[in-house]
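S.K.: Everything below, folded, please.
(chains A and B)
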Amino acid sequence: MRKYRSLLLVGLLVVASLFVLTACGKDKGDGKIKIGVVNNPPSESGYREANVKDMEKVFSEANGYDLKTFYSDKNDDQLQAAKGFITDGVDYLLISAAETTGWDDVLKEAKEAGVKVYLFDRKINVSESLYEAAVISDMAKEGETAVNWLLAQNLPEYKVIHIQGAMGSDAQIGRTGALDAQFASGKMKKVVQQTAGWDEAEAKKIVESVINSGEDFNVIYAENDGMAKGAVAALDEAGITHGVDGKVIVIGFDCNKWALRELLAKKWNYDGQCSPFQAQIISDLIKSGKTPANKIIINEEKGFDATTITQSDIDTYGLGE
Amino acid sequence: MKEKMKAFFAAFLRLCKRIGAFFGRVCKNLMDGGMAIPIIALLLLVVFNLIRDPGFFGIGIQHNNDGNVVLAGNIISIINGASELAILAMGMTLVTAACGGQDISVGAAAAIAGSAFVKVLKASSSISGGTVVLAFVCSCIVAMIFAAFNGTLVAVFKIQPMIATLILYTCGRSIAYWINGGATPTVSSPIISGIGSFIPGIPVPTPVIIVAIMTILFGLLFRFTSLRLFTQSVGVNGSAARLNGINSTFIKLLSFIILGVCVSVAGCIGVSRLGLINHETLLIDIEMDAILAVAIGGNSLGGGRFRISGSIIGAYVIQMLTITLYAMRVSSTDVKAYKAIVIILLVVIGSPVVKEKFGKFMTRLVHGRKRVSAKGAEE
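M.R.: Reported below is the predicted structural model:
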């Protein structure tokens, strides 16, 4: 009886050790890079939706990643989640913070635990030594790209209706800056500059009032796609041609798919984008294992011209459906 | 000769008095009906605009990009642009009269209704007249359900309307987001753009026609039912109305459901104008304008007697004010401040204190100085 018992024990031990071994083996052989992403919720905007989808696409299992995500627009919840990811033992922590403050302790904790941190989309007010790199957008550059494109059209004169987004938002400040500089230099004439607060219907009213006043204009610079659509509706009702070969040049921002289709149909002229695609850049950095010389990496902004846009551009870069 | 002159002069004086008395009476009647403020405001704005720019109200005829002959000009912009507001103001008047409070969730509810409209349209492979009607009916049902929710809180649970509707005001746009997801879904179809701007062959914007239809429907509703009487009695004194056999809970609920229909119509127009739904901005801040339209229209915000035509004129006053400010190139961040100034003036002029003073002044005008002085002697 005792013999059997010891045999059973040995047997159990063997089984247990085998199990442990296989488990270890599995852990090593898997070799997936563990990523924890702390982001704002996709419901925030079309931008965020595309951003979240892009993250999921790039950090997929097929690409050798094990992705865990957490979405909240509350800083406290984000901090909790980040701590949770560190305890879980992720290799990399990717953060787009809801607020720029309060992150010091968590990032120090991450550093002690050997977790490498990348910031995307938004910067955080911490010492640069606490993160590997920050891949962010330069909103001002986005406006500059669009205005440079407009200047390259070499119109004999620029009479611009400028429809602004909600005053004080990052996107509005960035998209307004470059155009304001042109108004100041006298190169472009400001017919009207009004904020529609991202409201399509308001944009239409603004353009209608200019048309009704009989004042001449040849450029509409709307700071997002919706407002550009509102402006175009006013042009359509007044029988004013627009787009390529039209009287009025239409510029929008955000690159929604439907807006890019307007571009493809040559009804609009240009659409600029604040690029939500940072995942590939971060993935390249992780895979190469290098630390960039400059920790702040400005994500390249895209802009599409109606004369050169293709269907594949729409499929790749368009937001929404 | 001298006598003839005297007789003529006397006749002239009598005539003047008569005309004065007539206008006094008209003014007094209007004042009693509460229509003076919106009409005076409208006239002031018209005169102001005519002085500022004589061509302001010019109406042009032109071809739009679809090749239709359409009317254009500021006046068309005003009447067209105020459509959603006018429709919401109609429903809001009824709710105000019955419940003595306002629904502040109409903008959010319109976003929900509009999202439901788009959802159904996108679900079908091709957009025909039938699908649009189906989509509208669906959005109507959705809006009525949400309105019934508000109405139940107010009528059954006796919660103050502004608090009850605060719930939907806060979460409505999130619900609208859930229906369609993020970004800004678009629908394009000749039928939709026909509803939102012009039907080929008709030079008047379709939303204006829809407002006219809604006005007629309300007129018929009041003509053939006792809704007006019931609503007013519930608004004046709910318990007294109940003692007289009026189901005040039902009347309050009904007023919210009718507002729900208005919300759905307004939401669908809003979506059709541009063929896109942005749940964050569709009819944003319209609830305040709708309540203002009711107030400018001379209706008591405490409930009771009401006049829907006043609210409709109120809506056009607000829109004309906005368009005037835009035409004057006032920065749209400042527009709200200027609007506030004008509205404070209107509300003060319409207040009981000023009305009473003005009424006394009018009585003096109508009955001549004699009686007043006699009265003064008595005192």
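
S.K.: Counting neighbours, what do you get for residue 66?
M.R.: Just so you know, I chose chain A. Number of residues near A:D66 (other C-beta atoms under 10 Å in any protein chain shown) recorded here: 16. Yep, even glycine has a C-beta here, placed from its N, CA and C like the rest.

S.K.: my bad, the chain I had in mind was chain B
M.R.: Neighbours around B:D66, by other C-beta under 10 Å: 15.

S.K.: helix, strand or coil for it?
M.R.: In three-state terms, and counting by DSSP: H, G, I helix; E, B strand; the rest coil, B:D66 is coil.

S.K.: what pLDDT does it get?
M.R.: pLDDT for B:D66: 86.

S.K.: Would you check how far apart it and chain A are?
M.R.: 7 Å (C-beta to the nearest C-beta, to the nearest Å).

S.K.: what residues are up against that residue?
M.R.: The neighbours of B:D66, taking C-beta atoms under 8 Å, 6 or more residues apart in numbering or on different chains as the test, are A:236, B:193, B:198, B:200.

S.K.: same thing but at 10 Å, please
M.R.: Going by C-beta atoms under 10 Å, 6 or more residues apart in numbering or on different chains, B:D66 touches A:236-237, A:239, B:190, B:193-194, B:197-198, B:200.

S.K.: confidence score at the residue in chain A that chain B sits nearest to?
M.R.: For chain A, the residue closest to chain B is A:G320, as judged by C-beta to the nearest C-beta, at 2.9 Å. We have a pLDDT of 80 for A:G320.

S.K.: A:F253 touches A:Q273, doesn't it?
M.R.: Yes. Here A:F253 reaches A:Q273: they are 6.9 Å apart, a contact under C-beta atoms under 10 Å.

S.K.: Next, show the common contact partners of the two.
M.R.: A:142, A:146, A:225, A:259, A:303.

S.K.: Which neighbouring elements make contact with the helix or strand hosting the first one?
M.R.: According to DSSP states H and E, A:E142 maps onto helix A:139-152. The criterion is 3 or more C-beta pairs under 10 Å, 6 or more residues apart in numbering or on different chains; DSSP states H and E, and the helices and strands that helix A:139-152 contacts are helix A:170-185, strand A:219-222, strand A:249-253, strand A:270-272, strand A:303-305.

S.K.: try 7 Å
M.R.: Counting contacts by 3 or more C-beta pairs under 7 Å, 6 or more residues apart in numbering or on different chains; DSSP states H and E, the secondary-structure elements packed against helix A:139-152 are helix A:170-185, strand A:270-272, strand A:303-305.

S.K.: what's the average pLDDT for the first one?
M.R.: This means helix A:170-185. 92.

S.K.: is chain B contacted by the helix or strand following it?
M.R.: The first helix or strand that comes after helix A:170-185 along the chain, using DSSP H and E, is strand A:189-195. Yes. Counting by C-beta under 7 Å from any C-beta of the partner chain, chain B has neighbours in strand A:189-195: A:192, A:194-195.

S.K.: For strand A:189-195, buried residues please.
M.R.: Neighbour counts over strand A:189-195 (16 or more other C-beta atoms under 10 Å in any protein chain shown) mark A:190-195 as buried.

S.K.: what two of those have the greatest distance between them?
M.R.: Using C-beta to C-beta, the buried residues of strand A:189-195 reach their maximum pairwise distance at A:V191 and A:T195, which is 15.1 Å.

S.K.: excluding its backbone neighbours, what's nearest A:D313?
M.R.: With sequence-adjacent residues excluded and distances taken as C-beta to C-beta, 6 or more residues apart in numbering or on different chains, A:D313 is closest to A:F304, at 6.2 Å.

S.K.: Please name the bridge partners of that neighbour.
M.R.: According to DSSP bridges, the partner residues bridging A:F304 are A:D271.
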